[in-house]
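Trainee: need coordinates for the following:
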Amino acid sequence: MQKILPQGIQRFLGISKILSKEEIEEDIVNSSSVKHAIGVLRDRTAGSMKPPVNDLHGWRSRAMSDISPDQIHVVYRFMFISILSLGMSSVCVFVGSATIFFALANLASPWTHSSNFPPGPGWSATAACFVLAYFFILRRAEFYSRAMRVPFSMASAKQDDVKRGDADCAKASSRPTIYLAGGMRSNWQDRVISELPMFSFFDPRTHGLKDPDAYTHWDLEAVRKSDWVLAFLEETNPGGFSLALEMGFARALSKRMILVDEKSARNEEASRRLAMLHSIADYCPSTIDEAIVILSLIGRDTDVHNG
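Mentor: Presented below is the predicted three-dimensional model:
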């Protein structure tokens, strides 16, 4: 596809950056999340085995060696979709270009006077070919970028999880661990942590990750390592989609859950839509104060049994 369109046309159409692998890779290697991941990998790699800092493919291979087989399969799927999309876009451009060529040849031919070629909806179909080609170009760029970025996100999240979670894991060996799911603007987590010293906590505010792949991996791994999930769906939360994902994941792992749902208490439609979250939670107190009381009682019982 990149060879079909001249560079001047690519720049004019504003699609140079989504056609050029070099420009996509340059944006990736200069992104803060990938730089962070490369820095982490450099610290863990022996001196003679370190590729240059800007060697995206070298560091990507190093990152791929750090992640699990199921994660590698995700990367391969992204690359397959990218290659398939590139092929589809090339086919669309070829069909559209061939149609225009034959139309112009037909108009220039001395043996025909037809001015309606391609016949009927032919010109609309030709335009549709180029629209589809542009869609597949965007899809190719998106999934190629994902295939190149995701190994760094996964490797970085894995190492950050080790660094930031060592202390929490040590505490979790003697104390139950709670994952705090919910909004990050009202700082309700600070109150929960201060009033429940008998627990250790995984607080998503602490990881500082900006890349969606990285922080999603961190959050779900924290849910996996927790004994409890405290989900606080505040009234100001615009949707609670991430909270629902975390609760569903926790349910699949048979984690204990407490859901405080302010939205349903004030909105009948929200109550209907969020009914499934209530059904999978172990406790559904109406306020965060009640949730703290429930957890304090659970924590005391745990201390008694441990003692």
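Trainee: tell me the SS of Y179?
Mentor: strand (DSSP: H, G, I helix; E, B strand; the rest coil).
Trainee: contacting residues around it?
Mentor: Going by C-beta atoms under 8 Å, 6 or more residues apart in numbering, Y179 touches 201-202, 222-223, 226, 228-230, 246, 250. Every residue, glycine included, has its C-beta placed from N, CA and C.
Trainee: tell me where the model's unsure across the stretch 201-307 of the chain.
Mentor: The model of the stretch 201-307 of the chain has pLDDT under 70 over residues 301-307.
Trainee: the strands in it, which residues?
Mentor: Using DSSP state E, counting those that start in this stretch, the strands of the stretch 201-307 of the chain run over 228-233, 256-261.
Trainee: list the buried ones in the first one?
Mentor: Just to be clear, that refers to strand 228-233. Residues of strand 228-233 classed as buried by neighbour count (16 or more other C-beta atoms under 10 Å): 228-233.
Trainee: residues in contact with it?
Mentor: 176-183, 188, 192, 199, 223, 240, 243, 246-247, 250, 255-263, 274, 277, 281, 288, 291, 295, 298.
Trainee: report the angle between it and strand 256-261.
Mentor: 10 degrees (axes from the mean of the first three to the mean of the last three C-alpha atoms, to 10 degrees).
Trainee: domain assignment for the protein?
Mentor: Here the domain parsing of the chain from automatic domain parsing is 7-158, 174-306.
Trainee: and L277, what does it touch?
Mentor: Contact analysis of L277 by C-beta under 8 Å, 6+ apart lists 231, 233, 243-244, 247, 259, 261.
Trainee: which of these lies closest to K21?
Mentor: Of all those, K21 sits closest to A244, with 36.8 Å by C-beta to C-beta.
Trainee: tell me how far that closest one lies from A231.
Mentor: Per C-beta to C-beta, to the nearest Å, A244 is found 9 Å from A231.
Trainee: about what we covered before: quick one: the contacts of Y179 as TSV, columns for distance to R146 too.
Mentor: Output for the contacts of Y179, formatted as TSV (distance: C-beta to C-beta, whole Å):
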residue	distance to R146
F201	31
F202	26
A222	23
V223	23
S226	28
W228	33
V229	28
L230	32
E246	22
A250	26
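Trainee: and which of those residues is nearest to A133?
Mentor: A133 lies nearest to E246 out of these, by C-beta to C-beta, at 38.9 Å.
Trainee: what about the residue nearest to the closest one when sequence neighbours are not counted, distance to V229?
Mentor: The shortest distance from E246 to any non-neighbouring residue, by C-beta to C-beta, 6 or more residues apart in numbering, is to A181 (4.7 Å). Noted for A181: a distance of 6 Å to V229, by C-beta to C-beta.
Trainee: hang on, the earlier thing: separate out the buried members of the contacts of strand 228-233.
Mentor: The buried subset of these - by 16+ other C-beta under 10 Å - is 176-183, 188, 192, 199, 223, 240, 243, 246-247, 250, 255-263, 274, 277, 281, 288, 291, 295, 298.
Trainee: thought the residue nearest to E246 was touching G248?
Mentor: No - assessed by C-beta atoms under 8 Å, A181 is found out of contact with G248, at 11.1 Å.
Trainee: so what's the closest residue to I24 other than its chain neighbours up against?
Mentor: If the residues on either side of it in the chain are set aside, I24 comes closest to S145, at 5.7 Å by C-beta to C-beta, 6+ apart. Neighbour list for S145: 24, 27-28 [criterion: C-beta under 8 Å, 6+ apart].
Trainee: out of those, which is most surrounded?
Mentor: Sorting those by how many neighbours each has (other C-beta atoms under 10 Å) puts I24 first, at 20 neighbours.
Trainee: in which helix or strand does it reside?
Mentor: For I24, the host element (DSSP states H and E) is helix 21-29.
Trainee: what's that helix packed up against?
Mentor: Applying 3 or more C-beta pairs under 8 Å, 6 or more residues apart in numbering; DSSP states H and E, we find helix 21-29 packed against helix 16-19, helix 32-43, helix 56-64, helix 122-172.
Trainee: could you tell me the angle between it and helix 56-64?
Mentor: Using the same axes, to 10 degrees, the direction of helix 21-29 lies 50 degrees away from that of helix 56-64.
Trainee: could you dump helix 21-29 to PDB, C-alpha only?
Mentor: Provided in PDB are the C-alpha atoms of helix 21-29 (Å, rounded to 0.1, in the frame of the first residue of the first chain):
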ATOM      1  CA  LYS A  21       6.200   2.000   9.500                       C
ATOM      2  CA  GLU A  22       9.300   4.100  10.200                       C
ATOM      3  CA  GLU A  23       7.200   7.100  11.300                       C
ATOM      4  CA  ILE A  24       4.900   4.900  13.400                       C
ATOM      5  CA  GLU A  25       7.900   3.300  15.100                       C
ATOM      6  CA  GLU A  26       9.500   6.600  15.700                       C
ATOM      7  CA  ASP A  27       6.400   7.800  17.500                       C
ATOM      8  CA  ILE A  28       6.400   4.600  19.500                       C
ATOM      9  CA  VAL A  29      10.100   4.700  20.600                       C
END
